[in-house]
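Q: Predicted structure and sequence below. I'll ask about it afterward.
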Amino acid sequence: MASYKIALLDGDGIGPEIMREAIKILELIATRNDIEFELDHGAFGANAYFEHGHPFPDATKQLCDEADAILKGPIGLSHEESKKIPVDMQPERGALLPLRARYNTFANFRPVFLPKGLAHFSPLKPEIIGDGIDFIIIRELVGGLYFGKKETGINEHGKRYVSESLEYDEDQIARIAKVAFDTAQKRKRVLHNIHKSNVLKSSVLWNEVIGEVSQDYPEVEVKHILVDAAATYLCLNPGQFDVMVMENMFGDILSDQAGGILGSLGLMPSACVGPDKAYYEPAHGSAPDIAGQNIANPYAMIGSVAMMLEMSFNLEAEAKNVWHAMQSVFTQGYSTPDLSSPGVAVNMISTDSFGDLVAAELAKL
Ligand code: NAD
């Protein structure tokens, strides 16, 4: 019997609630495939800081080191609550970026999918959605502004100042470019390169390297779009996109916008892949405004499980089954409250009911 260790980092806010639903799915997959998933929870995020004095405690590092894959819930506190934690210990700086750095998870895959039949979830008009939304954002995840040198102090005029650098070298760009071209080659062979080369020198180098890597992929057509224009096209014509590649901060912002055009951040799963290890997480945050109410949408968390099944455990057919089960719960008219809007007939259900329905649908496949 195959046996895999999965580190579960429940996280903060809605994290534990949506993690419970992910576990239901993992247990079902294990039983019917004669696989053992050894599931161990590790403290991570603000809760870890309060209970263990660090947002990424050593015990969690060890758990992750020993795991075959990591499933992570969202972390973070509300703006006001965050002030209770010293700046460098706050969850993103103290836990999330170190997790990404530890496993060099440079390739972030963020699928953005809404079939035509669920167009009512989206704030966009049906004629804009057309046949549905189906593209993937490939985001560089361990470079750029988020990982560059940082400095704060008092300048020669006696004013507080801050300086943060956006750094990339050509190898960092080339490796994410290859991931993007490989992905485009398996899909529609069109790659949208998102940049800001009219202002940023980092984008000039980025585009040069994209051009060099493209020589190895003559079948893939590259289209270059400025990041600000891309934000507009996501609203006006998302159907033009199939694979989008971009640097770290652009990807952070545009993928939340992508969640917006789907109708909820709760529809944005992701995979963060490094040379030796991957972790999987919903792209959204800990949603402190709805935490503890059993109303969070677990789709992105369960979708992250589907990505794990495919990318870490080669269970491609089961991954497809999980996607299919979630879509069929939606098409039966059920959803969590984030996806219901005035005038739309949706059977509003709780987080755990959604997980139960997905598990029931999955069991039929
Ligand atoms: P957020 O993504 O938590 O929430 C934004 C809005 O989307 C809220 O209205 C929330 O209720 C809703 N939402 C998000 N996920 C949902 C879900 N699964 N179901 C239903 N509704 C959902 O963003 P925020 O409020 O800006 O940030 C809250 C905290 O999360 C902050 O501390 C932030 O730093 C952190 N954060 C963490 C991650 C991560 O762990 N990777 C990512 C983004 C933000």
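A: Cool, the structure landed.
Q: Kindly check the end-to-end length of stretch 184-201 for me.
A: Start-to-end span of stretch 184-201 (Cα to Cα, to the nearest Å) is 26 Å.
Q: Which stretches in the stretch 251-365 of the chain count as strands?
A: All strands of the stretch 251-365 of the chain, identified by DSSP state E, counting those that start in this stretch, fall at 271-273, 278-280, 334-335, 347-348.
Q: The ones you listed: which one's closest to residue 123?
A: strand 334-335 (14.8 Å; Cβ to Cβ). Where you see a C-beta, it was placed from the backbone N, CA and C, and this is true even at glycine.
Q: wait, what's in contact with the residue nearest to residue 152 when sequence neighbours are not counted?
A: What sits nearest to residue 152 in space, not counting adjacent residues and going by Cβ to Cβ, 6 or more residues apart in numbering, is residue 162, at 4.8 Å. The contact partners of residue 162, by Cβ atoms under 8 Å, 6 or more residues apart in numbering, come to 150, 151, 152.
Q: burial count for residue 18?
A: Counted with other Cβ atoms under 10 Å, the neighbours of residue 18 add up to 31.
Q: My guess is residue 49 contacts residue 85. True?
A: Yes. Contact criterion Cβ atoms under 8 Å: residue 49 and residue 85 qualify, at 5.6 Å.
Q: Mutual contacts of the two, please.
A: By Cβ under 8 Å, 6+ apart, residue 49 and residue 85 have these common neighbours: 55, 91, 94.
Q: out of the residues you listed, which is most surrounded?
A: When neighbours are taken as other Cβ under 10 Å, the top entry among the shared contacts of residue 49 and residue 85 is residue 55 (29 neighbours).
Q: Residue 94 is in contact with that residue, correct?
A: Yes. With contacts counted by Cβ under 8 Å, residue 55 reaches residue 94, the gap being 3.9 Å.
Q: Need the residues touching each of those two.
A: 49, 85.
Q: re earlier: of the strands of the stretch 251-365 of the chain, which is nearest the ligand?
A: Closest to the ligand of those is strand 271-273 (Cβ to the nearest ligand atom; 9.3 Å).
Q: what number of residues lie near the spatially closest residue to residue 175 that is not a sequence neighbour?
A: Nearest residue to residue 175, sequence neighbours excluded (Cβ to Cβ, 6+ apart): residue 106, at 6.2 Å. Burial of residue 106 is recorded as 20 neighbouring residues (other Cβ under 10 Å).
Q: and residue 106, how far is that from the ligand?
A: 16 Å (Cβ to the nearest ligand atom, to the nearest Å).
Q: isn't that residue right up against residue 271?
A: No. Using Cβ under 8 Å as the test, residue 106 is too far from residue 271 to be in contact (12.0 Å).
Q: Return the residues in contact with residue 249.
A: Neighbouring residues of residue 249 by Cβ under 8 Å, 6+ apart: 144, 145, 146, 166.
Q: can you check residue 43 too?
A: By Cβ under 8 Å, 6+ apart, the residues touching residue 43 are 9, 51, 52, 57, 59, 60.
Q: And residue 48, by the same measure?
A: By Cβ under 8 Å, 6+ apart, residue 48 lies in contact with 54, 55, 56, 57, 60, 95.
Q: Check it and give its pLDDT.
A: On pLDDT, residue 48 comes in at 98.
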